[in-house]
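Chemist: Would you be able to build a 3D model of this:
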Amino acid sequence: EGRSFLVPPSSQQIFKLQNRVNLEELGKDSSSGETGYVFESNLKINSVWSRDEEQLLEVFIGESRVLASGKDRQINRIPDRPFYISLVKGQPDKIIAHTSKDQSLLNLERGIASLLQLRLDAEEELDVSGLCRVSYNVKSSTKVEKTKRDCALWDLRVNYHPEEALGVTQQSQEVVSYELSSDGALLKAESVEQHLLTLAAKPDVGSSVKSVLTLQHISQGSEEVKQLEQPTLQAAIESLLEWYRVFEMESDVDGLISELKEQTLQDSLKASLEELKTADVGKSSLALAYVKLIPLARSTNQEQFEELLKEHSEILPQLVDLLGAAQTFDAHNATFGFLYKEVESSIEQLDLLEKYLQSLAVATHPERKIVQHLYDLLQREATKKQAKLRESVVQTLATLTRQSGFDANDLLLQQVRGHLVQGLASKEPNLYIRSLQNLQDPSTIEALLEQAQSREEPNLSVAALQALKAFPIATFNSSHRQQFEGIFYQRRRRFDSSARALALDIILSLRPSGEQLGHLLDYLASNDRQFEIKTYVLQNLRMLAEKCPRFRGVFEAELAKRRQVNNYNVLAQKGLTTVLTRQLSWVPAFNESLLSTQEVYQGILKRGSVEFLLHAGRSQASSFKLGIYTAGLGSMVGDGDSDDGYDNIPADDELGGEESITAGMEISVQGSQLRPLIFFNGQTELMGHVWGGSASESTPAYQATTLAQDHEHYIILASGATLHWRVLGARSVDLNGKVGFSLWNRNAQTEIQQNTGSAVLGHVSVGFTYAKLVQDFTVTHEPKLSLQADLDFYSGIKLCMQLQRPEQQLKQSSVRSVFLQAVDRPYAKHVRSTVSHKTAGCTFALNQKNNEMCNEIFGFY
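Modeler: The predicted structure follows:
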């Protein structure tokens, strides 16, 4: 400290200011280089008051211009009146500027002032970028380098996705270099900053913004600098306040940078009608049209929404998906006002309302008033009588409450949680167990464990454990682990095999120790007749060993200690249960995998799931999960566990006597559990399907377009320029299936087809009043998957599953633009690029036992 002022007292100094901003597209195939602009201006800085370590600088912005792509435009609109910078202890403290200055120019003035911040012992500094961590490196007596990190205004979030894999990554750094004269006056200050913005799930898609702000000393001015005759710095500032006002160093966002062009949702919707037809669900064209409309939908009012719903009846299913993604109270009120007539609501209206709620359930930042309205809706008598609607409201309410991130003492959170927990004692405990799966509140773990362990009904125990499996692993403690082990090992009583399988999933996710893993291996050699559970254990252990080297080391070490387990008799289990993971796509496409679990009982699929996982580094997000459950079908195909040579201990699933014949489907979208779909309930209903052939036709099970990526934030550059970064993604899913069943030929066929169209739309804009850079990029692809299962129970039981993925194409396109604006001759230039990648189709190998059974069924020898 004690250094002399960067601008000598009572002097006039002439500087040249230059800001060079470049926007670069990412990706190795990007050959079109950078898009950029340069702003240049002459500054005249007068020291009009100084005393001790306090100073007031008067700054005139002189002749200015902007340049881009060889075009040079003069700026004539910058007022010729000065602005002022107050310095306390030698550091910039406040900006004193005219009240009519525009936000963009005020931010530029803050950027100029921030270049005068030089305090060698500082660890934190407040400047144009907000509060930053700083470190100084003194190169010599006249050269100093400052590194800025973690600035508050580098991450001004508007929206963000809680799942890392569906979010964005940002790397930001700024280095400021100072050159001083021998007596400490400023000769040059140069800030070099870079912001790397990418999709977390695809790091080669995004933008790099680089800004260089230079303040270069030209000469000492010749004019005499008139001093303000005031006793203190505060008095000097107050003498200016008739025409000026005081501003903090921190910048404010320049809202003009993110203003939507003069377009409305009504006009854009009409232009997109061709892409929004129901026939296009499952295509990337619909997903892309959807994400383009979302920013407009979020600024549309209730009355306008109501008009659109009346006008476009032909695309109502797609419209309600869009209104759910908007997440505004205006969209919510318009949807309920248009579709919900309480007891007078038609079936079609209730179906559309349920579709809206399913879209809303994926929301990451719903308005609080929406959550409050859904809670109030559950208290109405009319809602209580509409079972399907009530269940969808309950599930959506639970998910939105979790996503809202309410404080633990929030009254609304307590009301919602209390309502759901009380529902466990109602006539429909299953409904409320599923809702607690969506809520994932740690304080409900004990209630769910009580349901899992005390309920005699297998379906409730299974539902409770399925709900607990959805909880973050960090919410469980050692007591919870012991209870999960008690269920799996059946220490107090016998449990349904599905409950045991789910308990095992949780135990393995809790990273078992060597000793705990040893107990699981010992179980494989026990006299438990549940071969399917043993197969489930073994396949899970092998799958984890393939994925994780640390787990593989522990697994192999414990297995080597156990000769009674490490032999063919134990390690070649006879069950048909399958657990596997397969890579669906990889770089240069998205990194996606499939996790398939097929739990079999008596040769029939008892509980199966296929889950699609999106990966980003070490994090992953579930984008879609399809589950199928059955009960009681074993009686129609015979006992697959008969005559096993064991004692007369009954298999776990036989304990409760005969089960009612049921089958259904459970769907989870981005972790949000939807109301289950019931195929049939009871033998009469099943036989109606068998004889009528109604299940043999392809039937849509789920058709919707939902929001995936949803991120928006601002960055304030060192020059005061505002950077706006928005990413929206959507998945349009068309899931259909059919089932064929022949009692005469004693065989059955199941086919499930999933068509998915996904689109990500990114928008980056950076600049100020007179120049702006924009990049709009899109990523589209259409992954498809088909699963065919053939069951033959004519002589013994043979099950063949075939999982296929056809060829798919991923397409990236980008448009980068530069605009010179608010100048005499505005200028614009656009650079376009497109890249596409093809991934060959394939049939996935499942396991050797499945291959052998396929050969037997189809006669491939």
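Chemist: the helices in the stretch 651-800 of the chain, which residues?
Modeler: 683-692 (DSSP state H, counting those that start in this stretch).
Chemist: quick one: low-confidence parts of it?
Modeler: When residues are selected by pLDDT under 70, those of the stretch 651-800 of the chain lie in 651-660, 679-699, 739-746.
Chemist: Equivalent analysis for the stretch 501-650 of the chain, please.
Modeler: The model of the stretch 501-650 of the chain has pLDDT under 70 over residues 632-650.
Chemist: ok, which stretches of it are helices?
Modeler: 514-524, 531-547, 549-560, 568-571, 634-637.
Chemist: highest average neighbour count across those helices?
Modeler: Highest mean neighbour count among the helices of the stretch 501-650 of the chain (mean count of other Cβ atoms under 10 Å): helix 531-547, with a mean of 20. For the C-beta atoms, the positions are set from N, CA and C on the backbone; glycine is no exception.
Chemist: Which elements pack onto it?
Modeler: Helices and strands touching helix 531-547, by 3 or more Cβ pairs under 8 Å, 6 or more residues apart in numbering; DSSP states H and E, are helix 497-509, helix 514-524, helix 549-560, strand 578-585, strand 592-601.
Chemist: So which residue is smack in the middle of the protein?
Modeler: Nearest residue to the geometric centre of the chain (Cα atoms, centre = their mean): L166, 3.0 Å.
Chemist: give me every residue that touches that one.
Modeler: By Cβ atoms under 8 Å, 6 or more residues apart in numbering, L166 lies in contact with 200-201, 614, 621, 670, 708-710, 729.
Chemist: Between its first and last residues, how far does stretch 313-332 reach?
Modeler: 18 Å (Cα to Cα, to the nearest Å).
Chemist: Output the helices and strands packed on helix 531-547 as TSV; include the columns distance to P806.
Modeler: Below are the helices and strands packed on helix 531-547 laid out as TSV (distance: least, Cβ to Cβ, whole Å):
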stretch	distance to P806
helix 497-509	31
helix 514-524	38
helix 549-560	33
strand 578-585	12
strand 592-601	14
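Chemist: how about the ones you listed, which one is nearest W243?
Modeler: Smallest distance to W243 across these (Cβ to Cβ): 60.5 Å, for strand 592-601.
Chemist: contacts for the closest one?
Modeler: 497-498, 501, 532, 536, 575-585, 605-615, 623, 634, 640, 653, 783, 785, 799, 801, 803, 844.
Chemist: correct me, but Q673 touches N438?
Modeler: Yes. Here Q673 reaches N438: they are 5.4 Å apart, a contact under Cβ atoms under 8 Å.
Chemist: strand partners of the strand or helix carrying E58, parallel vs antiparallel please.
Modeler: Following DSSP states H and E, the helix or strand that holds E58 is strand 54-68. Strand 54-68 has its sheet partners listed here by DSSP bridges as strand 34-51 (antiparallel), strand 71-75 (antiparallel), strand 83-88 (antiparallel).
Chemist: so of those strands, which one's packed in deepest?
Modeler: strand 83-88 (a mean of 22).
Chemist: Centre of the chain to that one, how far?
Modeler: Mean-position distance between strand 83-88 and its chain equals 43 Å (Cα atoms, centre = their mean, to the nearest Å).
Chemist: quick one: the next helix or strand after it to strand 83-88, angle?
Modeler: Next along the chain after strand 83-88, taking DSSP H and E as the criterion, comes strand 91-98. Interaxial angle, strand 91-98 versus strand 83-88 (axes from the mean of the first three to the mean of the last three Cα atoms, to 10 degrees): 150 degrees.
Chemist: CA atoms only for strand 91-98, dumped as CSV, please.
Modeler: Output of strand 91-98 as CSV, limited to C-alpha atoms (Å, rounded to 0.1, in the frame of the first residue of the first chain):
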residue,chain,number,x,y,z
GLN,A,91,-9.4,1.7,-5.1
PRO,A,92,-12.6,2.5,-7.2
ASP,A,93,-15.6,2.6,-5.0
LYS,A,94,-18.6,4.3,-6.7
ILE,A,95,-19.7,5.5,-10.2
ILE,A,96,-21.3,8.8,-10.5
ALA,A,97,-23.2,8.9,-13.8
HIS,A,98,-26.1,10.8,-15.4
